[in-house]
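S.K.: Okay, sequence plus prediction incoming.
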2 protein chains.
Amino acid sequence: MTDLHVPLDRERGGLAAQIAAELRGSIRDGRLAPGTRLPASRDLAADLAVSRGVVVEAYEQLVAEGFLVSRVGKGTHVAAVAAPRQAPPPRQDTVCAPFYGHRPTSPDLSGFPRERWLASVRHVLATLPSDALDYGDPGGVPELRQELAGYLKRVRAADVRPENLIIVGGVAQGLSLSLLVLGVERLAIEDPSSPRQVPLVRRAGATPVPVPSDDEGLNVKALAASGADTVLLTPAHHYPTGVVLSPGRRAELIEWGGVVLEDDYDAEFRFDRDPVGCLQGLAPDRVILSGSVSKSLAPGLRLGWVAAPEDLAAAVRRARGELDLGSPVIEQYALAHFLRTGGYDRHLRRTRREYRRRRDALVTALNEELPEIRVRGIEAGLHMYLELPEDWDEAAAAAAAQALGLAAEPVGPMRFSPGPPAMVVGFARVPVHRAAEAVQELKVRMSGQSLD
Amino acid sequence: MTDLHVPLDRERGGLAAQIAAELRGSIRDGRLAPGTRLPASRDLAADLAVSRGVVVEAYEQLVAEGFLVSRVGKGTHVAAVAAPRQAPPPRQDTVCAPFYGHRPTSPDLSGFPRERWLASVRHVLATLPSDALDYGDPGGVPELRQELAGYLKRVRAADVRPENLIIVGGVAQGLSLSLLVLGVERLAIEDPSSPRQVPLVRRAGATPVPVPSDDEGLNVKALAASGADTVLLTPAHHYPTGVVLSPGRRAELIEWGGVVLEDDYDAEFRFDRDPVGCLQGLAPDRVILSGSVSKSLAPGLRLGWVAAPEDLAAAVRRARGELDLGSPVIEQYALAHFLRTGGYDRHLRRTRREYRRRRDALVTALNEELPEIRVRGIEAGLHMYLELPEDWDEAAAAAAAQALGLAAEPVGPMRFSPGPPAMVVGFARVPVHRAAEAVQELKVRMSGQSLD
């Protein structure tokens, strides 16, 4: 059990965030070594004269971020890290990556097609044979796999048949099941990458190995040098930077020869040119594609898919059959109906048009009011990547944006190596008429902050 | 790579079942040792002059049963077994435990309350705030946890608050997540037990340790001697025998002091006396209760719960937050509405009455037509345990029952030590007017068989 020195500024408030930031810093710069056992939350709370809940919140945050691991009855330890960090990252007082709730990639849920969805559910309940409500195929209902195979071929140039598809509860489950059945031990991930990836990868039994990503996407030479034989990436629209994997890098990646887990999380939204087909269509024998309706319809539906080579799809199906027996069937049939009757395509056309208008309004306002911010990664998806002036505190900027109702995340906690201040902002929920005002308010808050 | 001798009777058909039976026998009697690598399906198919699909089907069956383990790229191996089997069980030519589809415990799905369920979904879609469709609490929506806590207290005498409850995709997921976060290495299970438990337990990283079960339920002395510190059991209605754990054994189990995973899979249906409260209500600090609506409403809904001590519930919630981000929200709200408005209780009262009539009709018919069969385990649940005459082939009897449309499973594949011939038959889908006829047909088929 280690003794911790955690200086607290009680005037400033946010005690849990202060504790988390201090511990995060200590882990990053090596003062807290991998495997070190932390004090029980009760003990640390007593030492610091804070309530136990404050310490629990800080620990949970760091567990969610992958800095700590916690096992019931075995206490909380510093996680093992795959690659040594070269230097402490520039900012430590980060805003939390929310465990749930609104994300920068969340769609505008006030646009969820409630009436149309209800109509599909009504159709299903009126026509479904009773047997379809029994224990179902853990790989998903055949009608949905059929519709999705057609959709993914048409829209994503995927190389899939219903036999390659497994219906899952979203991209997260698709990835964790894929890692499980592949038995991946070391998984290359992009640096930076979503703060939600590291805990998922660790929980699925693999060690994340960060590989640098630049203006063309993942650095494939660095990937080859990493020794990992499997990589997880977001080629259509990198999170957080929004970079689209360049044609050269796509070719290099296919040549590389390892297994690719393709996270196709927001590929429906591409604004400035035709969508780039998914990698899976190029190398269906080595690429496992995961996608979902979380951005196109709603995250709360928990409906997604994995497209994989047939033997691997069979292994994923078997794993689901053993672990949780598959996804609920009524909404699978409803989605199949929604796809078949054209409701899905209509909804996408309508929302894509509206999101493009919102994106343009926010970009215009940022260029006019805050030209010192460089806006990037806006060709696709529902978020933008904002490179901030060097003297800005990205955590403060993200907190200010959040306070204005924008879904924002600082990039620091997504980095494995230092980088300039930046934040991610979602634009799907910012109405056109609100964009200029929101940016003006952000400007006021940030100029106020730098006067402090 | 081992060379296999697999004699096939091509006249008899069912080649995959023959191969599976032969391999199962070889594994059980030690001719195929744990860890032995099996030939590739392609090679064995060529050796036996059968199609590759036949061998794949046999291998998949044995993987599902836990005799073989298969890892992509690493081939198929004989699984390690925790306890040595004392002797080959009497029957090897077993009927498959179906990977999905109708089970002896499935409810009558023609009685699923489609109109009422649709009304609940309609209510939810009309009233739900948009934010509720975003990334949700991976522990489940608060409204449902609130309703379920009340229901489980009232009906199951459980000791739960919403904070102890995690919504999951059914009992299987509840068990696999519990095993994962507890880090169980050796898990005591009942002998006999559901053929679907062993693959689940292995997949969740634990080694099943069979412990004998008798007329009073699990033998707690044998449990204590097994060295396992965690046990999985079905105290309200043991599967397959239907035994209710006796008061003496309940007390012994609580005294034993280990962690208990309580599978409360069909506790809603209790016919001859008041329901026995769940074990969790006795020792909420050490019992983890898993239940679902699979028997009360429909397996296809994939909606269930885990009630656990608060720190463990938090760990399960975190694991779901990392692995799959929780269950779909619309049907969680619909179930909360269905519970709140009394629809669930009404549905249970109606179905309980009908199931009781069906049970009585089938028992009467069996006693009249086939008095040589001993009917057991009918106080509760949706299946009965039939002890067959010594000279009956349980696999043939189960196959005959299946051919008549009854959901039946032979007990042999559920046993870890030899036992007399028996089968499980579900009665939920056998209408009262069909019971006598079905039993007469079974009698004809079985007497025909013993003439062969």
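M.R.: Cool, got the structure. Because the structure is predicted, anything quoted here is derived from the model rather than measured. Residues are numbered from 1 along each chain as shown, chains lettered A, B, ... in the order given.
S.K.: Please make it C-alpha for all contacts and neighbour counts, starting now.
M.R.: Will do.
S.K.: Run through the helices of chain A in chain order.
M.R.: Ranges of helices within chain A are A:15-28, A:41-48, A:52-65, A:114-127, A:142-156, A:171-182, A:197-203, A:220-226, A:247-256, A:310-323, A:329-340, A:343-369, A:394-403, A:432-451, based on DSSP state H.
S.K.: ok, and what's touching the last one?
M.R.: Which is helix A:432-451. With contact meaning C-alpha atoms under 8 Å, 6 or more residues apart in numbering or on different chains, helix A:432-451 is reached by A:357-358, A:361-362, A:365-366, A:369-370, A:392, A:396-397, A:400-401, A:404.
S.K.: Kindly recompute the last result at 7 Å.
M.R.: If you take C-alpha atoms under 7 Å, 6 or more residues apart in numbering or on different chains as the criterion, helix A:432-451 is touched by A:Arg357, A:Arg358, A:Ala361, A:Leu362, A:Ala365, A:Leu366, A:Glu369, A:Leu370, A:Ala397, A:Ala400, A:Ala401, A:Leu404.
S.K.: And the fourth one, by the same measure?
M.R.: Counting by C-alpha under 7 Å, 6+ apart, helix A:114-127 makes contact with A:Ile330, A:Glu331, A:Tyr333, A:Ala334, A:His337, A:Phe338, B:Arg114, B:Leu118, B:Arg122, B:Leu125, all of which sit outside it.
S.K.: from those, which is closest to A:Arg52?
M.R.: B:Leu125 (38.9 Å; C-alpha to C-alpha).
S.K.: Which pair of the contacts of helix A:114-127 spans the longest distance?
M.R.: So, the contacts of helix A:114-127 by C-alpha to C-alpha: farthest apart are A:Phe338 and B:Arg114, at 19.4 Å.
S.K.: care to break chain A down by domain?
M.R.: Structurally, chain A divides into domains by automatic domain parsing as follows: A:15-78, A:109-344, A:346-451.
S.K.: Make TSV out of the ones you listed and add mean pLDDT and mean neighbour count.
M.R.: Shown next, in TSV, are the domains of chain A (pLDDT from 0 to 100; neighbours: other C-alpha atoms under 10 Å in any protein chain shown):
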stretch	mean pLDDT	mean neighbour count
domain A:15-78	81	18
domain A:109-344	95	21
domain A:346-451	93	19
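S.K.: what distance separates stretch A:34-46 from the middle of the whole chain?
M.R.: 29 Å (C-alpha atoms, centre = their mean, to the nearest Å).
S.K.: first to last residue in that stretch, what's the distance?
M.R.: 24 Å (C-alpha to C-alpha, to the nearest Å).
S.K.: Kindly list the longest strand within chain A.
M.R.: strand A:207-214 (DSSP state E).
S.K.: Could you check that strand against chain B for contacts?
M.R.: No - on the criterion C-alpha under 7 Å from any C-alpha of the partner chain, strand A:207-214 is out of touch with chain B, staying 14.3 Å away.
S.K.: For A:Leu386, give its distance to A:Val411.
M.R.: A:Leu386 is 9 Å from A:Val411, by C-alpha to C-alpha.
S.K.: So for the two, which residues contact both of them?
M.R.: Common neighbours of A:Leu386 and A:Val411 (criterion: C-alpha under 7 Å, 6+ apart): A:Ala422, A:Met423, A:Val424.
S.K.: OK, contacts around the closest residue to the first one other than its chain neighbours?
M.R.: In space, not counting the residues next to it along the chain, A:Ala422 is nearest to A:Glu387; the distance is 4.5 Å by C-alpha to C-alpha, 6 or more residues apart in numbering or on different chains. A:Glu387 makes contact with A:Ile373, A:Arg374, A:Val375, A:Pro421, A:Ala422, A:Met423, according to C-alpha under 7 Å, 6+ apart.
S.K.: Please tell me how far the residue of the stretch 1-150 of chain A found nearest chain B sits from A:Pro235.
M.R.: With C-alpha to the nearest C-alpha as the measure, A:Leu133 is the residue of the stretch 1-150 of chain A nearest to chain B, at 4.5 Å. Computed with C-alpha to C-alpha, the distance linking A:Leu133 and A:Pro235 is 37 Å.
S.K.: B:Gly248: which of the domains of chain A is closest?
M.R.: domain A:15-78 (29.7 Å).
S.K.: start to end distance for the closest one?
M.R.: End-to-end distance (C-alpha to C-alpha), domain A:15-78: 20 Å.
S.K.: quick one: it to chain centroid distance?
M.R.: Distance of domain A:15-78 from the chain centroid (C-alpha atoms, centre = their mean) equals 24 Å.
S.K.: got it, and stretch A:293-300?
M.R.: Between the centre of stretch A:293-300 and the centre of its chain there are 13 Å (C-alpha atoms, centre = their mean).
S.K.: what do you get for stretch A:409-423?
M.R.: Per C-alpha atoms, centre = their mean, the displacement of stretch A:409-423 from the mean C-alpha position of its chain is 15 Å.
S.K.: Stretch A:373-389 too?
M.R.: With C-alpha atoms, centre = their mean as the basis, stretch A:373-389 stands 16 Å off its chain's centre.
S.K.: Chain neighbours aside, what residue packs nearest to A:Arg318?
M.R.: Using C-alpha to C-alpha, 6+ apart, the nearest residue to A:Arg318 is A:Pro138, at 7.4 Å.
S.K.: That neighbour against A:Leu325, yeah?
M.R.: Yes - counting by C-alpha atoms under 7 Å, A:Pro138 touches A:Leu325, with 5.1 Å between them.
S.K.: Need the phi and psi values for the one residue sitting closest to the centre of chain A.
M.R.: The C-alpha lying nearest the average C-alpha coordinate of chain A belongs to A:Ser194 (C-alpha atoms, centre = their mean; 4.7 Å). When quoted as degrees, to the nearest 10, the phi and psi of A:Ser194 stand at phi -50, psi 140.
S.K.: show me the contacts for it.
M.R.: By C-alpha under 7 Å, 6+ apart, A:Ser194 lies in contact with A:Tyr239, A:Pro240, A:Met414.
S.K.: how near is the first one to A:Pro247?
M.R.: Here the distance between A:Tyr239 and A:Pro247 works out to 18 Å (C-alpha to C-alpha).
S.K.: Please work out which residue of the stretch 351-452 of chain A is closest to chain B.
M.R.: For the stretch 351-452 of chain A, C-alpha to the nearest C-alpha, closest residue to chain B: A:Arg429, 11.2 Å.
S.K.: show me the contacts for that residue.
M.R.: Taking C-alpha under 7 Å, 6+ apart, we find A:Arg429 in contact with A:Pro107, A:Asp108.
S.K.: Run through the residues of the stretch 251-400 of chain A sitting next to chain B.
M.R.: A:Ala298, A:Pro299, A:Gly300, A:Leu301, A:Arg302, A:Leu312, A:Glu322, A:Leu323, A:Asp324, A:Ser327, A:Pro328, A:Val329.
S.K.: pretty sure the fifth one contacts B:Glu331?
M.R.: No - with the criterion set as C-alpha under 7 Å, A:Arg302 and B:Glu331 do not qualify as a contacting pair; they are 11.1 Å apart.
S.K.: follow-up on the earlier one: next one: the residue nearest to A:Arg318 from B:Pro328, what distance?
M.R.: 16 Å.
S.K.: repeat for A:His102
M.R.: 16 Å.
S.K.: try A:Thr76
M.R.: In terms of C-alpha to C-alpha, A:Thr76 sits 30 Å off from B:Pro328.
S.K.: Just list the residues touching the closest residue to chain B within the stretch 301-450 of chain A, thanks.
M.R.: Distances between the stretch 301-450 of chain A and chain B by C-alpha to the nearest C-alpha are smallest at A:Asp324, namely 4.3 Å. Neighbour list for A:Asp324: B:Gly169, B:Gly170, B:Ala172, B:Gln173 [criterion: C-alpha under 7 Å, 6+ apart].
S.K.: is A:Thr230 in a bridge, and if so with what?
M.R.: Beta-bridge partners for A:Thr230, by DSSP bridges, are A:Leu187, A:Val259.
S.K.: With A:Leu218 instead?
M.R.: Note on A:Leu218: beta-bridge partners A:Ser213, judged by DSSP bridges.
S.K.: End to end on stretch A:30-38, go ahead and measure it.
M.R.: OK, stretch A:30-38 end separation, C-alpha to C-alpha: 14 Å.
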